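Visitor: show me how the following folds:
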Amino acid sequence: MKANAFGKVAVMLGGTSAERDVSLKSGMAVLKGLVAKGIDAHAFDPAAHSLQELVEQKFDRVFIALHGRGGEDGSMQGALQILEMPYTGSDVLGCALGMDKVRCKQIWHSLGLPTANWRVVTQAEVEQVNVEAMLQELGGRVIVKPAREGSSIGMSIADNGRSLALALQHAAEFDDDLLVEQWVEGAEYTIGILEGKALPVIRLQTPHEFYDFEAKYQANDTQYHCPAGLSDDDEASLRTLAERAFAAIGGSGWGRIDVMRNNAGEWFLLEANTVPGMTEKSLVPMAAKVAGLQFNDLVERILAQTLER
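Guide: A predicted model of the protein is given here:
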């Protein structure tokens, strides 16, 4: 594909969410890749520039590399649609559902897709929760998550009443709705999605209790296995599950699905990511490389999806 087919491209990065620093790294990597392909791409931080400048500066399309609120929750996608500016990734609905862990799980559950048992606690209910009863109901060990944060921000594991109470208070600093999810003991996997099809599965291995912010972006002892060491049948079934999960929330273009497998061999969907990381430690580029797609080609292919909008 000729580079001039894309016109002038804004790589939207940074933003105002709690994931700003990660977004800056993702965006700069994307920008470098697009420029290397000869594309007229420029960094655009919506925290510093009005969206009207996209029109004034005659941009033709946007590569969204914003993570978290304001970039991955459908709001930016809606604004760009009003501006009639083509953009990468899922649309308003897909992003909004993918960002909201509670509603994402509700959709998967309603379709019979496997996901761990959970309860929802609102910020107003935090002090009234019977933590001992909730723990017993969810198997004695849980992970508490703000409903609409990414990069494992605000997450904590709890296995007694006091730790659950503290985990709820911590998560409530980030969101009004909190997800209390039964802990799944086993291996964690992630599956990149590109144009509706799953990329090779990656198995994550970390000495941390779970794949938290530090394990994702700071630690040097996190291991990534791709191929994941699954049998051909298990790899195929997991890829199919990921494709179904992504389609169920209206995901399109590209994204990522995170999954756990318990010690009995059962799969449990964790969450969807509609604007996954694109840093040097990121998972979608890693899986794409195993599939034979180099980083610069990957970002060009994602951008090419905007030509169809």
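
Visitor: from here on, just use CA atoms for contacts and neighbour counts.
Guide: OK.

Visitor: what about stretch 125-144, distance to the chain center?
Guide: Using CA atoms, centre = their mean, to the nearest Å, the mean C-alpha position of stretch 125-144 is found 26 Å from that of the whole chain.

Visitor: endpoints of that stretch, how far apart?
Guide: Counting by CA to CA, to the nearest Å, you get 14 Å between the two ends of stretch 125-144.

Visitor: ok, residues contacting it?
Guide: When contacts are taken as CA atoms under 8 Å, 6 or more residues apart in numbering, the neighbours of stretch 125-144 outside the stretch itself are 117-118, 121, 155-162, 164-165, 167-169, 171-172, 178-183.

Visitor: the residue nearest the centre of the chain and Asn262: what is the separation?
Guide: Among the residues of the chain, the smallest C-alpha distance to the mean C-alpha position (CA atoms, centre = their mean) belongs to Asn273, namely 2.2 Å. When CA to CA is applied, the distance between Asn273 and Asn262 equals 21 Å.

Visitor: now do Lys58
Guide: Noted for Lys58: a distance of 51 Å to Asn262, by CA to CA.

Visitor: and what of Thr190?
Guide: If you go by CA to CA, the gap between Thr190 and Asn262 works out to 14 Å.

Visitor: for Gly94, same thing?
Guide: In this structure, Gly94 and Asn262 are 28 Å apart, going by CA to CA.

Visitor: which of those two has more neighbours?
Guide: Taking neighbours as other CA atoms under 10 Å, Gly94 and Asn262 compare with Gly94 leading, 25 against 15.

Visitor: isn't that one up against Gly255?
Guide: No. Under the contact definition of CA atoms under 8 Å, Gly94 does not touch Gly255, with a separation of 10.5 Å.

Visitor: anything in contact with each of the two?
Guide: Each of Thr274 lies in contact with both Gly94 and Gly255 under the rule CA under 8 Å, 6+ apart.

Visitor: what about the helices in this protein?
Guide: Along the chain, the stretches classed as helices by DSSP state H are 20-36, 52-56, 75-82, 92-99, 101-110, 131-137, 161-171, 213-217, 232-248, 283-290, 295-304.

Visitor: for the second one, which outside residues touch it?
Guide: Contacts of helix 52-56 from elsewhere in the structure, counted by CA under 8 Å, 6+ apart, are Ala10, Leu83.

Visitor: now do that helix, average pLDDT.
Guide: In this model, helix 52-56 has an average pLDDT of 97.

Visitor: now the fifth one
Guide: When the per-residue pLDDT values of helix 101-110 are averaged, the result is 96.

Visitor: and that helix, how far out from the chain middle?
Guide: On the basis of CA atoms, centre = their mean, helix 101-110 sits 15 Å off its chain's mean C-alpha point.

Visitor: what is that helix packed up against?
Guide: Packing contacts for helix 101-110, counted by 3 or more CA pairs under 8 Å, 6 or more residues apart in numbering; DSSP states H and E, involve helix 92-99, helix 232-248, strand 267-273.

Visitor: winner for burial among these?
Guide: The highest mean neighbour count among these, using mean count of other CA atoms under 10 Å, belongs to helix 92-99: a mean of 24.

Visitor: and the angle for that one with helix 232-248?
Guide: Angle between the axes of helix 92-99 and helix 232-248 is 120 degrees (criterion: axes from the mean of the first three to the mean of the last three CA atoms, to 10 degrees).

Visitor: related to what we said a few turns ago, the residue nearest to the centre of the chain against Ile257, yeah?
Guide: Yes. Counting by CA under 8 Å, Asn273 sits close enough to Ile257 to count as a contact (6.3 Å).
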